[in-house]
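Visitor: Test case, fold it:
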Amino acid sequence: MIASLVKKQKDFFGSGATRNVRLRKSYLKKLKKAVLEYEDQICDALYADFKKPKFESLATETQFILYELDEALKNIDIRSKPKRMSSIWANFPSSDWLYPQPYGNTLIIAPWNYPFLLTISPLIGALAAGNTAILKPSEFTSNTSKIIYEIISEVFPEEYVAVIEGGKETSQELLSLKWDYIFFTGSTKVGKIIYQKAAEHLTPVTLELGGKNPCIVDNTASLKVTAKRIAWGKFLNCGQTCIAPDYILAHKEIKDKLVQEIINGIGELYGKSMEDSPDLARIATESHYKDLKQMLLGEQLLFGGDFNDQTRYLSPTLVNEPDLNSKIMEGEIFGPLLPIISYDSIEDIERHLSNYERPLALYVFSKDKKFRELIIKEYSFGGGVINDTLLHITNSKLPFGGIGASGIGRYHGKYSFDTFSHQKGIIKKSFWPEIPLRYAPYRLPIRLAKKLKYLFQ
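Guide: The predicted model follows:
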């Protein structure tokens, strides 16, 4: 069944139908209309999956997608046209161009933490660039997966875009086939498997992974504002955000005060009875809920640590000075647990950051411009924010993606279109004039041949 569907999409792409920019725009408009019509149902599905607050569902899923659709529709015409590039003297006279060409048949595998956003967002780039797509939403958020299936089935013929639901076996079957492009969002562990399977066919990939994102707070930061912004960025979506602060490195002079301000900030966000707050989501999967509870064993808690096995509730929790070899510091936490570690010097920061692979995000809170610039320039990471958290993902003019273990490739806005396009370089020449110097037998003196580099300017 899957193989026959993929063949249908290959035939449809081969027909040239998706090269038509008007067709792309018409379907993007249909998708926008469907998202608007289904918006409340999407929010209901997200709540059913892990009690995601409706405001968060709107702000971080549906409204984000509607913005990305508007952005793609606004710019698709200019992005789809060949772009004139400057020529060089060696090719005179010529005109030089970049032609964007869709890859063809794309596979998009999405995670469970932002199940609607991270399924539809890459799809927008794939469609704008002129590809077909098969979507594999996460089986762990089944209600959202069903809504995605309904929307896509209503908007698109299956030879253009289709949704395939299922678990690990379905993903394995999909990855056994040949694709023109694979876009995956998820863990580094699974990303390596995707990369290996793609390599069998030399299929290009985008891997949006994760990492242990540091949040550095020095002794010049405005602590009350810092604390609330960290608490918001960490506990949004109950910490299940790939760019959430994973741990804090706080200067020893302000650590205790920062802890108290974060506790105050959590109280302002979720009230005294956090379990009853309508604004705090739950852990999306049972297996991850159990993993998070295991991370707390033997740790010194500064705040929180409450849980409810029946509802997968885990409270915002602050962990004091965990050992670098502890379970909570092994890899990405991906939940509402926030280790806080003190530092005394740049060397301390270096020791902690060098203990991990390059992260997807980094945050630094400071009024000291030299310190901020040192951190931003010295360390390698996907992207970040100074004096706030998460916000770099909201600007479509900025590329979003990781580096090394935190990912390969980038997307959002123009970068999504570019990701799903092969940029073909073309030089156009006429039959006249004909310059004989490049042909054998070579008559140009060697002393002049040694100056040929100037013709490539």
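Visitor: so when I look at Gly305, I'm seeing a helix, right?
Guide: No: inclusion of Gly305 in a helix is not indicated when DSSP: H, G, I helix; E, B strand; the rest coil is applied; the result is coil.
Visitor: these two touch, right, it and Lys293?
Guide: No: in this structure, Gly305 sits apart from Lys293 without contact. The criterion is CB atoms under 8 Å, and the distance is 9.6 Å. The C-beta positions use only the backbone N, C-alpha and C, and glycine is treated the same way.
Visitor: How about the contacts made by the spatially most central residue of the chain?
Guide: Centroid-nearest residue in the chain, with CA atoms, centre = their mean: Glu208, separated by 4.8 Å. Each residue near Glu208 by CB atoms under 8 Å, 6 or more residues apart in numbering is listed here: 118, 183-186, 242, 400-402, 407, 409, 411.
Visitor: can we see that at 6 Å?
Guide: Glu208 sits next to 185, 407 when contact means CB atoms under 6 Å, 6 or more residues apart in numbering.
Visitor: Packing partners of the lowest-mean-pLDDT helix or strand in the chain?
Guide: Least confident element among the helices and strands of the chain, by mean pLDDT, DSSP states H and E: helix 446-449 (a mean of 84). When contacts are defined as 3 or more CB pairs under 6 Å, 6 or more residues apart in numbering; DSSP states H and E, helix 446-449 packs onto no helix or strand at all.
Visitor: so how far is that helix from its chain's centroid?
Guide: 51 Å (CA atoms, centre = their mean, to the nearest Å).
Visitor: Sort out which residues of that helix are buried, please.
Guide: Taking 16 or more other CB atoms under 10 Å as the basis for neighbour counts, none of the residues of helix 446-449 comes out buried.
Visitor: repeat for stretch 93-110
Guide: Burial within stretch 93-110, assessed by neighbour count using 16+ other CB under 10 Å, is assigned to 100, 102-110.
Visitor: same question, stretch 276-295
Guide: Neighbour counts over stretch 276-295 (16+ other CB under 10 Å) mark 280-285, 288-289, 292-293, 295 as buried.
Visitor: One more: stretch 159-179?
Guide: Neighbour counts over stretch 159-179 (16+ other CB under 10 Å) mark 159-164, 171, 174-175, 177, 179 as buried.
Visitor: Ends of that stretch, what's the gap?
Guide: With CA to CA, to the nearest Å as the measure, stretch 159-179 spans 15 Å from end to end.
Visitor: neighbouring contacts of it?
Guide: 2, 5-6, 8-9, 12, 105, 107, 132-136, 139, 145, 148-149, 152, 197, 201, 203.
Visitor: how far does it sit from the chain's center?
Guide: 20 Å.
Visitor: In the stretch 351-457 of the chain, mark out all the strands, start to finish.
Guide: Taking DSSP state E, counting those that start in this stretch as the criterion, the stretch 351-457 of the chain carries its strands at 361-365, 383-386, 407-408, 421-428.
Visitor: isn't Phe235 right next to Gly335, touching?
Guide: No: with the criterion set as CB atoms under 6 Å, Phe235 and Gly335 do not qualify as a contacting pair; they are 9.6 Å apart.
Visitor: most remote residue from this protein's center?
Guide: By CA atoms, centre = their mean, the chain has its most distant residue from the centre at Arg443, 55.1 Å.
Visitor: Skipping its backbone neighbours, what lies nearest that residue in space?
Guide: Excluding the flanking residues, the one nearest Arg443 by CB to CB, 6 or more residues apart in numbering is Leu437, at 7.1 Å.
Visitor: what about the one you found, how many residues close to it?
Guide: Applying other CB atoms under 10 Å, we find 11 other residues in the vicinity of Leu437.
Visitor: Hmm, Leu444 and it touching each other?
Guide: Yes: judged on CB under 6 Å, Leu437 makes contact with Leu444 at a distance of 5.3 Å.
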